[in-house]
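# Provided below are the primary sequence and the corresponding predicted coordinates.
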Amino acid sequence: MPSLERYFGHYKELVLAYSHDLDHHRKDAVVSSHEEIFDIIKILKEQPNITRDSLAKQAFVKPTNMGIESEQEHVIGLAVKALTMAYTTHWLKQNAEHDNGDMVSPNWLKDTPFHVFFEGLFPMIDHPGFGEDASASFWELKSNISGTKLIRRGGLTFAPTEDLSNHLKLNRKTGVIEIFHHTAFLKENLRITKTIGQTTSVEGSLRLGAIPRQLALEALDSIQKIIFPLSDPSAVALLQQLVVEKGFDEDCLRFEASAIREPHEINTRYLYFGARLADIYDELENPTPRGLISRWAKRKGAGHANIATILAATLALVFGLVTLGLGGFQAWISWQQWKHPI
């Protein structure tokens, strides 16, 4: 329970956001207790193939909690968020504490089964670089995208996200990489699914009240083994800084193995997040120009070479002006000594 403090804190924020958005004089809220939210979660676990429309009909049968449709959608989204840490409605994203303004995520449509919607949030892409752990480039790619290198060489920064579907998203315009930092939540899901293996379907995992095991492993290992490898003291120092300054979950610094992993789960294939890791690697190799000089150089088509040339010319001009100024000052002193000898 103590390790899940941040998770429960986030759940509390979601519930408070829902209650704050209600009219103060209304007493006919769709839900009025945590137990009613838990009941919706139970339905999702028992029937992961249920559509949102059918879920609403089952969950809101009492005359006192029929409410308006948009409010029902908000409550269903709250229950799904508590269960999977993924958003199903833009309303929740607007009220998230650390949301970065990404409003692209789709809503869960009325006639779509829950497990189908969830699969759509996390498509599996077997990227040639990160999909196979035996590929020649796998280890090289992994070692090149550690957090310290991304900051020093790529000028990138990190921001926490409460939405698992936004994990490792790179905003090329701002240079910000979103990190789903609730590692304690991921570990609890791995504990639940430890004995069932990675071959269980998404629907089967949701019946257990867990996200797919492969998804949880990738999210956790991408944090603790790739971006912030806990074997690297500089990466640990960076992660500690993000915990203090950006509000990352402190559990990110705790590595667990035997309690959550099977013996063969040492090296992780990245079928869910491989394309995003490759996107980050590509940004490191071909940085997006963000400053005025960088954008000008990019337009001229010479990239780093033009930037280096501009910097060299600028430095030469500065040193030239400084030298000229010193020469003039020395000449003025000499003239003053000639004119007014001591």
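Sure, I can see it.

# which SSE is immediately downstream of the lowest-mean-pLDDT helix or strand in the chain?
Least confident helix or strand, the chain: helix 292-300 with a mean of 52, by mean pLDDT, DSSP states H and E. Once helix 292-300 ends, the next helix or strand along the chain (criterion: DSSP states H and E) is helix 303-339.

# which other helices and strands contact that next one?
The contact analysis (3 or more CB pairs under 8 Å, 6 or more residues apart in numbering; DSSP states H and E) places helix 303-339 against helix 292-300. C-beta: built from backbone N, CA, C; applies to glycine.

# in the stretch 51-200 of the chain, which spans are strands?
For the stretch 51-200 of the chain, applying DSSP state E, counting those that start in this stretch gives strands covering 157-161, 170-171, 176-180.

# to Glu250, which of those strands lies closest?
Ranking the strands of the stretch 51-200 of the chain by proximity to Glu250 (CB to CB) places strand 157-161 first, at 12.0 Å.

# list the contacts of that closest one.
With contact meaning CB atoms under 8 Å, 6 or more residues apart in numbering, strand 157-161 is reached by 98-100, 147, 151, 167, 169, 175-181, 227, 242, 246-248.

# and if you look at stretch 182-189?
3-4, 6-7, 10, 85, 162, 210-211, 213, 216, 219-220, 223-224, 249, 251-252, 254, 256, 259-260.

# and stretch 226-240, by the same measure?
Residues contacting stretch 226-240 (CB under 8 Å, 6+ apart): 142, 145-148, 150-151, 158, 168, 177, 179, 224, 248, 252-253, 255, 277.

# these two touch, right, Asp111 and Asp53?
Yes: using CB atoms under 8 Å as the test, Asp111 is close enough to Asp53 to be in contact (6.2 Å).

# who does Val171 bridge with?
No Val there; residue 171 is Asn. For Asn171, the beta-bridge partners are Val176 (DSSP bridges).

# residues near it, how many?
The number of residues packed near Asn171 is 16, by other CB atoms under 10 Å.

# cool, Ile41 as well?
16.

# which element is it on?
helix 34-46.

# residues contacting Arg207?
Taking CB under 8 Å, 6+ apart, one finds Lys45, Glu46, Pro48 in contact with Arg207.
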